[in-house]
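Undergrad: turn this into a structure:
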Amino acid sequence: MHRKPKPARPAVKQKPGRNDKKARHSRPLRAKRPSAPGRAAVRARRGAQKRPSPLRTLPKKPRANKLPPPRQAVAASPDAASIQAALDLLAKAQAEMTARGVDLLAVAHELGRNAVQALKASLLESLVEDQLLPDLKRLHFHLGSAAATPPDFQFLAEATLNWFARHFDLSEHLEAGQLLEVPAKQLDQFELDGAAPESGTALVRIQVLAPGWKCRTQIIIPPRVARVDLVAESATKTTGAPPSQNPF
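TA: Residues are numbered from 1 along each chain as shown. Have a look, this model is predicted:
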């Protein structure tokens, strides 16, 4: 009888120790990393590669020969005489336009001055109709004669009269208390207070009771006057004394 062979036991793998040289050499070696190529190799490799060829442009098609446009007839150039004539006309037109512009500006200025004068005339007419100038003159006299009036208030009426005189070219005509001897025919230039003289009288003596007002040379408010004989007679009858110098 044949004996059956015993099955072989599987070999037990031992872990290699740190001090086991055989186990250390039996480890599989790692593959070495390829070293970095040098600059010369990189340049050679780049030179071996084919560079892309530049873009190729399509060949231009030959242009068709176009016939030149037909020449137009050139006008004859003007001569020096015609050019000078045109320049003379232009200078004349410019001078005429400048003269018309100056005339137009003068008309505009004249319209402005007329408008200002019309406004002043309207305001002056209102002053005369409302009797503002005589009233201010009377107020100025009473404020100056009153002792209880404040000094600043005394000059109010005078300042107002001066403003009117400066802006409207006004001035007083004659003075209060002034004695005059005028022809009887010129009494219409005054505001006579009292009876008119008898007919046939050549000269009349008058006394100015209140001054008048003039605008430049034109009398706008006539002075108020009275006959001297009537003034003396009236004062003697009422008070028995000569007439006072109070114009108001």
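Undergrad: scan the chain for its longest helix.
TA: Of all segments of type helix in the chain, defined using DSSP state H, the longest is helix 80-129.
Undergrad: which elements pack onto it?
TA: helix 151-168, strand 218-221 (3 or more C-beta pairs under 8 Å, 6 or more residues apart in numbering; DSSP states H and E). C-beta: built from backbone N, CA, C; applies to glycine.
Undergrad: need the winner for burial among those.
TA: Highest mean neighbour count of the helices and strands packed on helix 80-129: strand 218-221, a mean of 15 (counted as mean count of other C-beta atoms under 10 Å).
Undergrad: what's in contact with that one?
TA: 124, 128, 133-134, 170, 173, 189, 212-214 (C-beta atoms under 8 Å, 6 or more residues apart in numbering).
Undergrad: OK, contacts around residue 133?
TA: Applying C-beta under 8 Å, 6+ apart, we find residue 133 in contact with 127, 161, 164, 170, 213, 221.
Undergrad: now do the contacts for the closest residue to residue 139 other than its chain neighbours.
TA: Nearest non-adjacent residue to residue 139, counting by C-beta to C-beta, 6 or more residues apart in numbering: residue 157, 4.4 Å away. Each residue near residue 157 by C-beta under 8 Å, 6+ apart is listed here: 136-137, 139-140, 143.
Undergrad: from these, which land in strands?
TA: Under the assignment DSSP state E, those contribute nothing to strands.
Undergrad: pick the one among those residues closest to residue 94.
TA: Within the contacts of residue 157, the smallest distance to residue 94 is 56.9 Å, found for residue 136 (C-beta to C-beta).
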